[in-house]
Each structure stands twice: as C-alpha cells, then as structure tokens.
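*Asks:* Got a sequence here, can you build the structure:
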Amino acid sequence: MSIEKLAAKSDYTWGIDTDVVWIRDLDNGGMSVTNNIQNIINHLSEHLPIKEYRLMYGDSLGKWDGLKFIGSGLKVDFFSLNEMDYHKVIQKLRHVV
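*Replies:* Next comes the predicted model:
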C-alpha cells in the first residue's frame, strides 16, 4: 500500500505557519493521527522538506503537543506542550525546539 493511502487512513488537516508544520486530527472516524503519525509524516515528507520545520499536533480534543525527529531519519516522537491555544503552543514550540 502506498504512503499516501496509509496516511489517508486518518482524517486530518495540516498546514504551515512560518517555521511550523501543524497537523490536526479531525476525528471523523478514521484511524487516530496519534496511531498513524509515522505514515502521515512520511507522506508529508514527499511534499516538503519536513525536517526543516518544527512540528506540532492537535488532538481530537483540541490539545496541542509537539513532535520531534528521532535520529537521522523521519521517525518522530511526541512531547508534551499541553496547550489548547494555537498561538500559545507555537510560542512554546519555538522556545523548546
């Protein structure tokens, strides 16, 4: 199965805010972004130089956390920012990463 099809198992939206790529779980019944994040990151990396950006993730309850790359590849892990406000989480992310 292609990376695009694997990523499409989740209902999400994403965008770029200057130096930050944000990914938000739409929670429309598909696989959660949390459980499918690696396929989503791999898919996005086909369209932009994703390692040049900071990454953040909004869950289905509206809470934002960060994502960080592990090692030299595209593997990512979550880290807590525990923020509900989009603008505040971007500021936190820029100070952490």
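*Asks:* Please count neighbours and contacts with C-alpha atoms only from this point.
*Replies:* Fine.
*Asks:* So in the chain, which strand runs the longest?
*Replies:* strand 76-83 (DSSP state E).
*Asks:* Now do the helix or strand that that strand is followed by against strand 76-83, angle only.
*Replies:* Next helix or strand after strand 76-83 toward the C-terminus (DSSP states H and E): helix 86-96. Per axes from the mean of the first three to the mean of the last three Cα atoms, to 10 degrees, the angle that helix 86-96 makes with strand 76-83 is 130 degrees.
*Asks:* Relative to the whole chain's centre, how far out is the longest helix along the chain?
*Replies:* In the chain, with assignment by DSSP state H, the single longest helix is helix 33-45. With Cα atoms, centre = their mean, to the nearest Å as the basis, helix 33-45 stands 7 Å off its chain's centre.
*Asks:* contacting residues for the residue nearest to L44 when sequence neighbours are not counted?
*Replies:* Spatial nearest neighbour of L44, excluding adjacent residues (Cα to Cα, 6 or more residues apart in numbering): I50 at 6.9 Å. By Cα atoms under 8 Å, 6 or more residues apart in numbering, the residues touching I50 are V21, I41, L44.
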